[in-house]
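**Q** Quick one, fold the following:
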Amino acid sequence: MRRLLIGSVTVVAVLLAGCSTRSDDDTDTDAAQNASPAAGASTASADFGTLKDVCGPGTAKASTVQGVTDKKIQVGVMSDVGFTKKSEFVDAAEVFTKWCNDAGGINGRQLEPVTRDTRLMEVRQRVLEACKSDFALVGGGAALDSLGVQDRLKCLLPNFPGQSSQIGAIGSDLQLIASQPTAGYFSYAGYYTWLLKEKYPDSAQKVGIISGDAPVTKVMSAQFKEAIAGLGGTVGYSDLYPTAGVSDWTPYAQSIKNKGVKGLVFLGDFASLAKLEQALTNIDYAPDWIDANSNAYGPAFQQLAGTALAEQHNYAELFATAPLESASSNPATQQVIDLFKKYAPDKQVTYPVLRAFSAWLLFATSARDCAELTRTCVYDNAAKQSAWTAGGFQAPFDLSSKEPTKCYSVVEATAKGWQPADFKPDQGAYRCDAPVYKYKGKYGDPATLASVGKSMSDLT
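**A** A predicted model of the protein is given here:
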């Protein structure tokens, strides 16, 4: 996954960087602690986009399944909030569960999310805690998520993350991501084909990559170099920048200019990218395009980059998710915004929020359809989804397949803010002609149940 935030510790991979201004306590909190109607009551619409009766009342019975009673379902929400101070996953859990519980819960059971704050490096500790009390992990993400994947598999804890970042976790057993990335594949093949062959063909043989000097981003840099070559491009310039930060980006900007880089891939935090773009502008140089990645998608990058955005051409792919700027023509996206206005009016809807909502919807509808609520039933129901759209704010995604979707969406940063790019979408907000590129290099494998002496037959 590309949402990278490289910090002064080692690497802040992540998926979690966004624009939320909320700063949560370092203690684990129950995001649903505010009072909701009693199970069985229904005061909110149960529909979400094209999904009907997502939540609703029922006559749930006592259960011996961990995290499940006749009144509630306890789930964990992984987050690096104590480190990043980015609370999108916590906010999404709060808003979704309040809405769902107001509509009656999952067949009468109230959803009770518990924030599992990894503080970046405490992934394994939080997973072990979740193993003792949670029914599943839903709608979260940790930058260093592979640190806890073995423990999660040992305790047979299903995970429906909003985002997944590391190779050991992406595609791991008992984990279902409601959209990309897909293990072993370059998830940006359509986006880069558009950049290199259609929008800026003169840039194809003059691509550059700058990434943070950390293990995670070094692997990503190698993957991008391979994939760009596989799609007909050439990376002629690559460099690393120290994770402790750069006091002056002018030497990097000058190197980019001297090498004649026309397409720049930036694998790092958007604050550093903003400074680099200011340096590029100061020396009067602008590549044809800069892949700012979805980490930069939001108003914060616009504010930091300032006047440089009038000269530099920034793009990002949103994994076939409808841009927030198109909410007026996408009822499902607008519904997320409306739910935030109702349940968390001081919080911001971001790209990670949309991904988390997709995960929550997948979990909720899968649990709803279980006559007896078990991990096996919920996981199997979710894995059968062959055209998941999260009610309409993402392109259809086949969770039963091991290949990436052919659909993608692209946004562009301008001086007036982010907006959908002119990438010739052919299915609503998406373009669905992406080639499939499977990595040839060996970058590691996702964790399996077999690696911890377990199998699917052990799941109950």
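**Q** show me where this protein has strands.
**A** Read by DSSP state E, the chain holds these strands, from start to end of the chain: 72-79, 110-117, 136-138, 159-160, 207-212, 235-241, 263-267, 289-291, 314-317, 410-414, 417-420.
**Q** nearest to residue 298, of these?
**A** strand 417-420 (7.4 Å; CB to CB). In this view, the C-beta of every residue, glycine as well, is placed from N, C-alpha and C.
**Q** Export that closest one to PDB, keeping only CA atoms.
**A** This file holds the C-alpha atoms of strand 417-420, laid out as PDB (Å, rounded to 0.1, in the frame of the first residue of the first chain):
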ATOM      1  CA  GLY A 417      -7.900  22.000  -4.600                       C
ATOM      2  CA  TRP A 418      -8.100  18.300  -5.600                       C
ATOM      3  CA  GLN A 419     -10.500  17.400  -8.500                       C
ATOM      4  CA  PRO A 420     -11.100  14.400 -10.700                       C
END
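**Q** which of the residues in it are buried?
**A** Along strand 417-420, these residues count as buried under the neighbour rule (16 or more other CB atoms under 10 Å): 418, 420.
**Q** Who does that strand pair with, and is each partner parallel or antiparallel?
**A** Strand pairing for strand 417-420, using DSSP bridges, gives strand 410-414 (antiparallel).
**Q** distance between the partner strand and the chain's centre?
**A** From the chain centre to the centre of strand 410-414 is a distance of 18 Å (CA atoms, centre = their mean, to the nearest Å).
**Q** And stretch 362-377, by the same measure?
**A** 23 Å.
**Q** Where does the prediction get shaky in the protein?
**A** 1-43 (pLDDT under 70).
**Q** That one - how does it break down into domains?
**A** Domain ranges of the chain: 1-184+325-393, 189-318+406-420, per automatic domain parsing.
**Q** Tell me which of these sits most buried.
**A** Highest mean neighbour count among those (mean count of other CB atoms under 10 Å): domain 1-184+325-393, with a mean of 21.
**Q** residues contacting residue 418?
**A** Residues in contact with residue 418 (CB atoms under 8 Å, 6 or more residues apart in numbering) are 297-298, 302, 323, 325, 411-412.
**Q** Residue 451: which of the strands of the chain is closest?
**A** strand 159-160 (15.7 Å).
**Q** gap between the spatially closest residue to residue 254 that is not a sequence neighbour and residue 356?
**A** Of all residues not flanking residue 254 in the chain, residue 283 sits nearest, at 6.3 Å (CB to CB, 6 or more residues apart in numbering). Distance of residue 283 to residue 356, given as CB to CB, to the nearest Å: 40 Å.
**Q** what about the helices in the stretch 201-350 of the chain?
**A** 215-230, 250-258, 270-282, 299-305, 331-343 (DSSP state H, counting those that start in this stretch).
**Q** Redo those as a markdown table? Include distance to residue 130.
**A** Shown next, in a markdown table, are those (distance: least, CB to CB, whole Å):
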| stretch | distance to residue 130 |
| --- | --- |
| helix 215-230 | 23 |
| helix 250-258 | 41 |
| helix 270-282 | 30 |
| helix 299-305 | 30 |
| helix 331-343 | 24 |
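**Q** out of these, which comes closest to residue 366?
**A** That would be helix 331-343 among the helices of the stretch 201-350 of the chain, by CB to CB, at 17.9 Å.
**Q** which one of the contacts of residue 418 is nearest residue 50?
**A** Distances from residue 50 to the contacts of residue 418, taken by CB to CB, are shortest for residue 323, at 18.7 Å.
**Q** Would you agree the closest one is in contact with residue 409?
**A** Yes: at 6.5 Å, residue 323 counts as touching residue 409 under the criterion of CB atoms under 8 Å.
**Q** anything in contact with each of these two?
**A** Common contact partners of residue 323 and residue 409 (CB under 8 Å, 6+ apart): 420, 429.
**Q** ok, back up a step: go through the helices of the stretch 201-350 of the chain and name the closest to residue 102.
**A** That would be helix 331-343 among those, by CB to CB, at 8.7 Å.
**Q** which helices and strands sit right next to the closest one?
**A** When contacts are defined as 3 or more CB pairs under 8 Å, 6 or more residues apart in numbering; DSSP states H and E, helix 331-343 packs onto helix 88-102, helix 351-368.
**Q** Export it to PDB, keeping only CA atoms.
**A** Output of helix 331-343 as PDB, limited to C-alpha atoms (Å, rounded to 0.1, in the frame of the first residue of the first chain):
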ATOM      1  CA  PRO A 331     -25.300   9.200  -3.500                       C
ATOM      2  CA  ALA A 332     -23.200   6.700  -1.500                       C
ATOM      3  CA  THR A 333     -20.400   9.100  -1.100                       C
ATOM      4  CA  GLN A 334     -22.800  11.900  -0.200                       C
ATOM      5  CA  GLN A 335     -24.400   9.600   2.400                       C
ATOM      6  CA  VAL A 336     -21.000   9.100   4.200                       C
ATOM      7  CA  ILE A 337     -20.600  12.900   4.300                       C
ATOM      8  CA  ASP A 338     -24.200  13.300   5.600                       C
ATOM      9  CA  LEU A 339     -23.600  10.600   8.300                       C
ATOM     10  CA  PHE A 340     -20.500  12.500   9.500                       C
ATOM     11  CA  LYS A 341     -22.500  15.700   9.700                       C
ATOM     12  CA  LYS A 342     -25.000  13.900  11.900                       C
ATOM     13  CA  TYR A 343     -22.800  11.800  14.100                       C
END
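**Q** Which residues are in contact with residue 208?
**A** Here residue 208 is in contact with 235-239, 256, 259, 261, 263-265, 287 (criterion: CB under 8 Å, 6+ apart).
**Q** let me redo that: residue 330
**A** Taking CB under 8 Å, 6+ apart, one finds 322, 392-393, 428-429 in contact with residue 330.
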